[in-house]
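> Quick one, fold the following:
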Amino acid sequence: MSVPRSAGRPAAAIEPALDRAARDMTPLDVRMDALRAAVSPFPRVKDLKVESDWPHTLKIRVIEYRPVAVINVGGS
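Purely as a prediction, here's the structure:
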């Protein structure tokens, strides 16, 4: 599984969410709707790229939205 480092703290929650969603999947039975539902609480996730690697591996890559601005609130 590949979660961008820029995801920061949410990455710690994204990986387990995807792991739970994909646990019963096989390379022949990938359910994108279940994987997308697992990451729907994370607004930084734009999409998922999934590759099947026979016989027992799913490779999941998390694609993030690109930040367009940074706002500094109440600080220097």
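> So what pairs up with Val45 in the strands?
Under DSSP bridges, the beta-bridge partners of Val45 are Glu64.
> Secondary structure class of the nearest residue to Ala34 once chain neighbours are set aside, three-state.
Nearest in space to Ala34, with sequence neighbours left out and distances taken as C-beta to C-beta, 6 or more residues apart in numbering, is Ala21 at 4.9 Å. (Glycine included, C-beta is placed from N, CA and C.) Counting by DSSP: H, G, I helix; E, B strand; the rest coil, the backbone at Ala21 sits in helix.
> give the contact list for Ala21.
Listed by C-beta atoms under 8 Å, 6 or more residues apart in numbering, the contact set of Ala21 reads 34-35, 37-38.
> From Ala37, how far out is it?
Noted for Ala21: a distance of 7 Å to Ala37, by C-beta to C-beta, to the nearest Å.
> May I have the predicted confidence score for Trp54?
On pLDDT, Trp54 comes in at 80.
> wait, Ser52 sits on Leu28?
Yes. The pair Ser52 and Leu28 passes the contact test of C-beta atoms under 8 Å, sitting 7.3 Å apart.
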